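*Asks:* My questions are about this predicted structure, shown below with the sequence.
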Amino acid sequence: MSKIPKVILLIEKSRAYGRGLLHGIVQYSKLHGPWLFYIEPAVFKESSKQLYKRVRNLDVDGIIGYTWDVDIFNMVVDLRLPAIMRDIEKPTSKAIRFVMDQFAVARLAAEYFVGRGFKRFGYCGYDFLKWSKQRGEGFGNVAADYGFETCFYRQPKAKKFYAKDKEQTIIAKWLKSLPKPIAIMACNDDRSVDVLAACKIADIKVPEEVAILGVDNDELICDLSHPQLSSVTLSIERAGYEAARVLDKLMKGQKITKSEEIVSILPLHIATRQSTDIIATEDQLVAEAVKFIHDHSRETIQVTDVAEGVALSRRTLEQRFRKALGHSVLEEIKYHRVNQMANMLIGTNLSISQIARLLGYPDASNISRYFKQEKRISPSDYRKKFGPK
């Protein structure tokens with residue numbers, strides 16, 4: 001009887017991020033295992049020395065970890081076991097790592113707001129965390145490429161102000177000083193909750209005056225908020241699956257390729273909820289046209305259908321649309337159609353032919369060509385790259 005691999009998981013599981021990784025890891029084990037898992041709940045409470053002893057005593061074959069602690073990262077490397085660990089700022093040892101594409105996250109957020117007609121941008125993160133600063137810099141750079149400035153929230157130097165109630169009041173003062181309407185990217189969903197609370201303290205309307213977008217798409221956090229919070233969805237489950245696949249090769253003594261030394265976590269799409277459900281334009285008919293496109297994004301609508309829907313001539317709608325949002329009606333239709341397909345590729349097991357029929361395309365070749373023109377990747381490759389197994 002072959003030995004069942006023992007794998008220790010140093011992953012905090014109370015949040016959607018960690019649970020997403022775990023879902024992907026377990027899915028790989030179901031398909032290619034079985035594996036015997038040890039979930040280490042005390043990973044953030046014990047010292048690296050204590051954890052080292054515990055892991056040694058378990059006699060495990062591999063480790064997958066996602067922790068901020070440099071000592072634990074290096075402890076795992078010292079064990080000389082097959083391991084996949086979270087990328088950290090200054091590791092003293094090499095290891096196969098999870099790596100987040102922070103600039104891609106920021107670019108998706110900025111372009112999302114630009115597409116909704118915003119011309120004022122703000123960023124609220126954590127000044128002492130590298131990944132947060134990287135997202136902020138990327139967000140500001142992309143906004144600048146479109147000709148817009150970004151206002152950055154700066155945390156107080158004294159840590160006594162970091163308590164939720166105190167800092168939310170400080171964020172409220174910052175928000176009150178900003179021109180409106182403005183689009184605010186928060187570095188993650190926890191920070192978007194702080195921004196939302198600050199808006200309530202300052203009596204600022206969301207999304208009419210401040211639109212808020214977080215990152216991670218933790219549905220429990222986003223849906224419990226009022227109004228509900230929009231967020232950037234990440235390829236977490238896919239990353240967990242890929243980490244397990246690479247770890248399996250390592251535990252079997254197989255060589256891995258250079259590209260497999262990094263397990264990438266990428267942004268997928270924006271989960272739009274109430275906190276950004278607005279078009280930042282004074283042209284009400286353009287806003288109604290965008291809503292019409294969104295509501296009919298599963299149908300093969302044309303520009304003329306949109307014009308009829310808002311009782312404007314096609315030429316007048318095009319002129320007002322470009323003036324308000326900086327792009328054509330057709331581009332807006334394509335954006336929503338492709339996003340519908342992308343969400344279905346990742347969120348369902350439907351075949352491309354089935355998705356084509358649901359979206360009103362006569363065959364899969366037409367929709368595949370349409371999708372590739374917009375995303376620069378075929379539907380099948382998109383699903384392989386980003387979708388859970």
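*Replies:* Done, it's in. Every value quoted in this text rests on a predicted model; they were computed, and no experiment measured them.

*Asks:* Kindly export the helix or strand of the chain with the lowest mean pLDDT (C-alpha atoms) in CSV.
*Replies:* Of all helical and strand segments in the chain, the minimum by mean pLDDT, DSSP states H and E falls on helix 48-58, at a mean of 73. C-alpha atoms of helix 48-58 as CSV (Å, rounded to 0.1, in the frame of the first residue of the first chain):
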residue,chain,number,x,y,z
SER,A,48,9.1,29.8,15.2
LYS,A,49,11.1,27.6,17.5
GLN,A,50,8.0,26.1,19.0
LEU,A,51,6.5,25.6,15.6
TYR,A,52,9.7,24.0,14.3
LYS,A,53,9.5,21.3,17.1
ARG,A,54,5.8,20.7,16.4
VAL,A,55,6.3,20.3,12.7
ARG,A,56,9.3,18.0,13.2
ASN,A,57,7.3,15.7,15.5
LEU,A,58,4.5,15.4,12.9
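
*Asks:* Packing partners of it?
*Replies:* strand 6-11, helix 70-78 (3 or more Cβ pairs under 8 Å, 6 or more residues apart in numbering; DSSP states H and E). The C-beta positions use only the backbone N, C-alpha and C, and glycine is treated the same way.

*Asks:* Nearest approach to residue 125 belongs to which of the ones you listed?
*Replies:* Closest to residue 125 of these, according to Cβ to Cβ: helix 70-78, at 20.8 Å.

*Asks:* Just give me the neighbour total for residue 171.
*Replies:* 24 (other Cβ atoms under 10 Å).

*Asks:* Equivalent analysis for residue 108, please.
*Replies:* 22.

*Asks:* Check the gap between it and residue 357 for me.
*Replies:* Distance, residue 108 to residue 357, by Cβ to Cβ, to the nearest Å: 28 Å.

*Asks:* Let me know the secondary structure of residue 123.
*Replies:* With DSSP: H, G, I helix; E, B strand; the rest coil as the basis, residue 123 sits in strand.

*Asks:* That one touches residue 153, doesn't it?
*Replies:* Yes - with contact defined as Cβ atoms under 8 Å, residue 123 counts as touching residue 153 (6.8 Å).

*Asks:* show me the contacts for residue 233.
*Replies:* 217, 267, 268, 269, 270, 271 (Cβ atoms under 8 Å, 6 or more residues apart in numbering).

*Asks:* For the residue nearest to it when sequence neighbours are not counted, give me the pLDDT.
*Replies:* For residue 233, ignoring the flanking residues on the chain, the nearest one in space by Cβ to Cβ, 6 or more residues apart in numbering is residue 217 at 4.2 Å. Per-residue confidence (pLDDT) for residue 217: 95.

*Asks:* where's residue 217 relative to residue 271, distance?
*Replies:* 5 Å.

*Asks:* If you count surrounding residues, which of those two has more?
*Replies:* residue 217 (24 against 19).

*Asks:* okay, now the closest residue to residue 275 other than its chain neighbours: neighbour count?
*Replies:* Counting by Cβ to Cβ, 6+ apart, residue 275 lies nearest to residue 212, which is 4.3 Å off, once chain neighbours are set aside. By other Cβ under 10 Å, the residues close to residue 212 number 29.

*Asks:* quick revisit: skip ahead from the least confident helix or strand of the chain and say which helix or strand is next.
*Replies:* strand 62-66 (DSSP states H and E).

*Asks:* I'd guess residue 383 is in a helix, am I close?
*Replies:* Yes - with three-state DSSP as the criterion, residue 383 is part of a helix.

*Asks:* Quick check: closest non-adjacent residue to it.
*Replies:* Per Cβ to Cβ, 6+ apart, closest to residue 383 is residue 345, 4.5 Å.

*Asks:* roughly how far apart are that neighbour and residue 364?
*Replies:* Counting by Cβ to Cβ - residue 345 and residue 364 are separated by 12 Å.

*Asks:* Perfect, I'm done here.
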